[in-house]
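Enquirer: Have a look; sequence and predicted model below, questions after that.
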Amino acid sequence: MTKTDKNLKSAFSGESQANRRYLAFAKKAESEGFTQAAKLFRAAAGAETIHALNHLRIIGETKSTLENLETAVLGETFEFKEMYPEYINLAKQEGNKQAVWSLEVANKVEKVHANLFLRAIDVLKRQKEMAKIDYYICGVCGNTVEGAPPEKCPICSAPKASFFRAG
Ligand SMILES: [Fe+2]
Ligand SMILES: [Fe+2]
């Protein structure tokens, strides 16, 4: 990997984080009545996404869909098998209940994602088309559900109305 590839990778991380940070700032601005500041944050967030995607494309990290699904499984599996369990233990030791909640729901959802991706790999490997279904995301914990939202989120107990359809 060249130094420039490394730089692009690091810039990809930074831009990706800036995107999410600005969306969080936009939400906050909205709640404080600063509608225009919220708009500005969302505009910049959109631009940071363009930068992040450009960097990633130029490094060559977006491959075939089958390879991308495999990359996704590896990432999710690392998160729910290694990263989150370790973080959860530490957060418990430190008595940080909010962190434990946030890390635990993410941990559970990454497992859901790994399974969804694995099933998609299976379908693609058999040269079949994936079933045309909708995905719903829990607005509280990120749980990702196929078909229709459940009455109650099985991960965080949020009501059906907390779910929104993925675009
Ligand atoms: Fe995930
Ligand atoms: Fe949830």
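Expert: Cool, got the structure. No experiment lies behind these values; they were computed from the predicted model shown. Residues are numbered from 1 along each chain as shown. Ligands and ions are numbered 1, 2, ... in the order given.
Enquirer: So which residue is smack in the middle of this structure?
Expert: Residue closest to the mean C-alpha point of the chain, counted by Cα atoms, centre = their mean, is Gly142 at 8.1 Å.
Enquirer: distance of it from Tyr135?
Expert: 12 Å (Cβ to Cβ, to the nearest Å). For every residue, glycine as well, the C-beta is placed using N, CA and C.
Enquirer: how about the residues of this protein near ligand 1?
Expert: 76, 110, 113 (Cβ under 5 Å from the ion).
Enquirer: My read is that Lys160 contacts Pro150, right?
Expert: Yes. Applying Cβ atoms under 8 Å as the test, Lys160 and Pro150 come out as touching, 6.7 Å apart.
Enquirer: neighbour count winner among these two?
Expert: Neighbour totals were compared for Lys160 and Pro150, and Pro150 leads with 16 against 13 (other Cβ atoms under 10 Å).
Enquirer: show me what contacts the more buried one?
Expert: By Cβ atoms under 8 Å, 6 or more residues apart in numbering, Pro150 lies in contact with 160, 163.
Enquirer: Repeat that for the one 5 residues further on.
Expert: When contacts are counted by Cβ under 8 Å, 6+ apart, Ile155 is found next to 105, 108-109, 112, 138, 141, 143.
Enquirer: Can you give me the end-to-end span of stretch 160-167?
Expert: One end of stretch 160-167 sits 18 Å from the other (Cα to Cα, to the nearest Å).
Enquirer: That stretch near ligand 2 anywhere?
Expert: No. Stretch 160-167 stays clear of ligand 2 (Cβ under 5 Å from the ion), getting no nearer than 6.6 Å.
Enquirer: now stretch 93-107
Expert: No. Against ligand 2, stretch 93-107 shows no contacts by Cβ under 5 Å from the ion, the least distance being 6.7 Å.
Enquirer: CA atoms only: put that stretch into PDB for me.
Expert: Extracted in PDB, the C-alpha atoms of stretch 93-107 (Å, rounded to 0.1, in the frame of the first residue of the first chain):
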ATOM      1  CA  GLN A  93     -16.400  -2.700  34.800                       C
ATOM      2  CA  GLU A  94     -16.400   1.100  34.600                       C
ATOM      3  CA  GLY A  95     -20.100   1.200  35.500                       C
ATOM      4  CA  ASN A  96     -21.100   3.100  32.400                       C
ATOM      5  CA  LYS A  97     -24.600   1.900  31.900                       C
ATOM      6  CA  GLN A  98     -25.400   4.100  28.900                       C
ATOM      7  CA  ALA A  99     -22.300   2.800  27.100                       C
ATOM      8  CA  VAL A 100     -23.300  -0.800  28.000                       C
ATOM      9  CA  TRP A 101     -26.700  -0.300  26.500                       C
ATOM     10  CA  SER A 102     -25.400   1.300  23.300                       C
ATOM     11  CA  LEU A 103     -22.600  -1.300  22.900                       C
ATOM     12  CA  GLU A 104     -25.000  -4.200  23.600                       C
ATOM     13  CA  VAL A 105     -27.700  -3.200  21.100                       C
ATOM     14  CA  ALA A 106     -25.000  -2.600  18.500                       C
ATOM     15  CA  ASN A 107     -23.500  -6.000  19.300                       C
END
